[in-house]
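>>> quick one, what's the 3D model for this:
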Amino acid sequence: MGQRERLSVWLDEWLTPEELITEDAKPENFCVGKVDGKTACAFILQKNDSEYWKDSSEVQAVYLHKLCVKREYAHRNMTRLVVEAIREECRKNGTKYIRLDTGLDEKAVRKIYLNAGFKIVDIIDYDNGRSVALYEMEV
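Prediction:
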């Protein structure tokens, strides 16, 4: 595989405030993770996700979106560390699940989330040929 595979799944135009802030994802849902005072990662953690999880208002879950890890922190189990921190907060709050969604064809991302302990609980197929995998982890 001569070239290093690019893991970014978002186009730059998808990472603007206009695109990221929604009815479910407010500015207070944006999180930054630091290691030794330096920014290592960022993500959105929200209590509802009406786009993909139709039962989100009925289930005690948090929804993880747009987890980004700075390149210098790649391959350091950052996803697992973030997920464990989220699990700890969920335990304190009585939240039962952590959920997320990704494109089904994102093989590298799938491997990362499965290795972090998530399970694929559903797949949504769209008419345009795109499929989305729904992941869930019990807290």
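>>> which residues of the chain fall in strands?
30-35, 38-46, 61-69, 97-103, 119-125, 131-138 (DSSP state E).
>>> how about low-confidence regions in this structure?
1-21, 23 (pLDDT under 70).
>>> how about 50 then?
Residue ranges of the chain with pLDDT under 50: 1-8.
>>> now the angle from whichever helix in the chain runs longest to strand 131-138?
Looking across the chain with DSSP state H, the single longest helix is helix 78-93. Calculated by axes from the mean of the first three to the mean of the last three C-alpha atoms, to 10 degrees, helix 78-93 forms an angle of 50 degrees with strand 131-138.
>>> buried ones in helix 78-93, by neighbour count?
78-79, 81-83, 86-87, 90 (16 or more other C-beta atoms under 10 Å). From N, CA and C alone the C-beta is placed, and that goes for glycine too.
>>> and stretch 125-133, by the same measure?
By 16+ other C-beta under 10 Å, the buried positions in stretch 125-133 come out as 132-133.
>>> now swap in stretch 88-108 and tell me
Quick answer for stretch 88-108 (16+ other C-beta under 10 Å): 90, 95, 97-102, 104.
>>> tell me how far that stretch lies from the chain's centre.
7 Å (C-alpha atoms, centre = their mean, to the nearest Å).
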